[in-house]
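Chemist: one predicted model, sequence on top.
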Amino acid sequence: MKVDGKHFRSIWFDDDSGTVKIIEQRWLPHEFRVVELIKREDFATAIRDMWVRGAPLIGATAAYGVAVQMSIDPSDASLDETWQVLHETRPTAINLRWALNHMRELLKPLPESERASIAMRRAAEICNEDVECNRQIGLNGLELIREIAAKKKPGETIKILTHCNAGWLATVDWGTATSPIYHAAEAGIPVHVWVDETRPRNQGAQLTAWEMVGHGVSHQLIVDNAGGHLMQHGEVDMVIVGTDRTTAHGDVCNKIGTYLKALAAFDNNIPFYVALPSPTIDWTVKDGVAEIPIEEREDAEVTKVWGKLEDGSVASVQICPDGSPAGNPAFDVTPRRLVTGLITERGVCKASPEGLAALFPEFAK
Ligand code: MRU
C-alpha cells in the first residue's frame with residue numbers, strides 16, 4: 001500500500017543494501033521510520049518488542065530471520081536454535097510457528113552450502129504468498145460488502161467496524177480485515193470505517209487510523225466501548241476483524257476486546273466476519289478458550305499511554321495512581337457460534353470444522 005504516494009510493504013529485502021528492512025511500527029503514526037534487521041537477535045527483538053506485529057507479518061519476519069541466520073551459520077544447531085529463539089518471542093499468533101516449522105522442514109534435508117540462498121528465496125516467496133492471500137481475501141470480502149450494499153439504498157454508505165490493526169501493517173501488504181475495505185473503496189462503494197482505538201497499545205488509533213488517512217478511506221476513531229452503542233443505533237452494517245489464531249473448529253483468537261464486539265454484534269444481529277490467510281489456522285487445536293495460549297504483556301502498556309504532546313514531541317504519560325498493578329491479557333477468544341463467517345483466500349466459510357474442512361481438505365483431519 002502507499003505511504004505519501006510511494007508503494008511500501010511492511011517488510012522487504014532491499015537489494016541495494018543486501019538487508020531486510022521493516023517499517024518500525026512503534027513510532028507510527030507520528031514518525032515513519034524504516035530500520036534494517038541484520039542478525040537473528042534483531043529479528044527476535046523486532047517481533048518481541050513489536051517493531052513489527054500482526055500475525056502474518058510476525059510469520060514473514062520470522063522466515064526472514066531464519067534466512068539471515070542461515071547466511072551467518074547454516075548448521076543444524078543454528079537452525080534449531082533459531083527456531084527456538086524466534087518461537088519464544090510471542091506465544092499467541094500461530095503464523096510464527098507456521099513460518100518457523102515451514103522453514104525448518106524445508107532446510108533440514110538440504111546441504112548446508114545451499115541453505116542460505118534457498119531460505120532467502122523462500123522467505124521472499126512467503127511474503128509474496130501473504131500478499132496474494134490478502135488480495136484474494138479482499139476480493140472475497142468485497143462480495144460480502146456488495147451483498148450488504150445491495151440491501152441498502154443506492155449510494156448509501158456501508159459502515160464497517162474493525163478492531164485493532166488487521167491492516168497492511170499487520171501483514172506484508174493489503175491487510176486481512178482491511179483488504180475488503182480497500183477493495184470496496186477502489187470499486188467505488190462508499191464505505192465508512194469505525195476504528196476501535198484498541199487499548200492498551202492503541203493499534204487501532206495509531207495504525208489503522210493512519211492507514212485509513214493514507215488511503216483516503218472515510219473513518220472515525222472510537223473508544224473501544226462505543227461499538228455496542230453504535231450497533232444498537234443502526235450505525236454498523238458489519239464487523240470485520242483479523243485473527244492471530246483460528247482453531248480447526250472455527251474459534252477465533254484475536255486482539256483483546258474482539259470477543260466483546262462479537263457479543264454485541266450477535267445481540268444486534270450484525271454480521272461478524274473474521275478475515276484470515278490459511279497459515280493463521282491452527283489445525284492442531286479445536287477449543288480456542290481452552291487450548292490457545294494468551295500472551296500476558298507488561299503492566300506499563302495499561303498504566304501508561306503514549307502519544308503526541310501539544311509541542312509536537314512524543315511522550316508516555318501515566319494514567320493511574322502510583323503503585324496500581326495492572327492486568328494485561330493481549331488476546332481473547334471469540335467462540336465460533338458468534339462468528340458469521342471466515343473470509344479466507346479460498347472463499348468464505350462457516351466458522352465450523354465442516355466449513356474449514358470444505359475449503360482446506362488437505363489440512364483437515
Ligand atoms: O498484538 P498485535 O498488534 O500483534 O495484535 C494484532 C492483532 O490482533 C491482529 O488483529 C491480528 O494479528 C490479525 S493481523 C492481520
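Modeler: Now that the structure is in, tell me what you want to look at. This is a predicted model, so every value here is computed, not measured.
Chemist: the strands in the stretch 101-250 of the chain, which residues?
Modeler: Assigned by DSSP state E, counting those that start in this stretch, the strands in the stretch 101-250 of the chain fall at 158-162, 191-196, 219-222, 238-241, 245-247.
Chemist: so which of the ones you listed gets nearest the ligand?
Modeler: strand 238-241 (6.2 Å; Cβ to the nearest ligand atom). C-beta coordinates here come from the backbone N, C-alpha and C atoms, glycine included.
Chemist: partners of that closest one in the sheet?
Modeler: Next to strand 238-241 in the sheet, as set by DSSP bridges, lie strand 158-162 (parallel), strand 272-275 (parallel).
Chemist: what about the nearest residue to Tyr273 once chain neighbours are set aside, neighbour count?
Modeler: For Tyr273, ignoring the flanking residues on the chain, the nearest one in space by Cβ to Cβ, 6 or more residues apart in numbering is Ile240 at 4.9 Å. For Ile240, the neighbour count with other Cβ atoms under 10 Å is 27.
Chemist: same question, the one 3 residues further on
Modeler: When neighbours are defined as other Cβ under 10 Å, Thr243 has 30 of them.
Chemist: quick one, phi psi at it?
Modeler: phi -160, psi 150 (degrees, to the nearest 10).
Chemist: isn't it up against Lys255?
Modeler: No. Thr243 is not in contact with Lys255 according to Cβ atoms under 8 Å; the separation is 9.1 Å.
Chemist: list the helices and strands the helix or strand Ser78 falls within packs on?
Modeler: For Ser78, the host element (DSSP states H and E) is helix 76-87. Counting by 3 or more Cβ pairs under 8 Å, 6 or more residues apart in numbering; DSSP states H and E, the packing neighbours recorded for helix 76-87 are helix 40-48, helix 55-72, helix 94-107.
Chemist: Gly138: which of the ones you listed is closest?
Modeler: Minimum separation from Gly138 across the helices and strands packed on helix 76-87 (Cβ to Cβ) falls at helix 55-72, 13.5 Å.
Chemist: now the closest one against helix 76-87, angle please.
Modeler: 150 degrees (axes from the mean of the first three to the mean of the last three Cα atoms, to 10 degrees).
Chemist: buried residues in helix 55-72?
Modeler: If you call a residue buried by 16 or more other Cβ atoms under 10 Å, then helix 55-72 has these buried ones: 55-70.
Chemist: and those, which is closest to the ligand?
Modeler: Ala55 (3.7 Å).
Chemist: let me see the contact set for the closest one.
Modeler: Counting by Cβ atoms under 8 Å, 6 or more residues apart in numbering, Ala55 makes contact with Ala93, Ile94, Asn95, Leu96, Ala170, Gly242, Thr243, Asp244, Arg245, Thr280.
Chemist: and these, which are buried?
Modeler: Buried among these (16+ other Cβ under 10 Å): Ala93, Ile94, Asn95, Leu96, Ala170, Gly242, Thr243, Asp244, Arg245, Thr280.
Chemist: among the residues you listed, which are within reach of the ligand?
Modeler: Residues of those in contact with the ligand (Cβ under 6 Å from any ligand atom): Ala93, Ala170, Gly242, Thr243, Asp244.
Chemist: rebuild those as a markdown table, extending it with pLDDT.
Modeler: Putting those into a markdown table (pLDDT from 0 to 100) gives the following:
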| residue | pLDDT |
| --- | --- |
| Ala93 | 98 |
| Ala170 | 98 |
| Gly242 | 98 |
| Thr243 | 98 |
| Asp244 | 98 |
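Chemist: now, among those residues, which is nearest to Gly327?
Modeler: Nearest to Gly327 among these: Asp244, at 19.0 Å, using Cβ to Cβ.
Chemist: does that closest one really touch Asn254, like I thought?
Modeler: Yes. Counting by Cβ under 8 Å, Asp244 touches Asn254, with 5.9 Å between them.
Chemist: spell out which residues are contacts of both of these two.
Modeler: Phe331.
Chemist: number of nearby residues for Val289?
Modeler: Other residues close to Val289 by other Cβ under 10 Å number 14.
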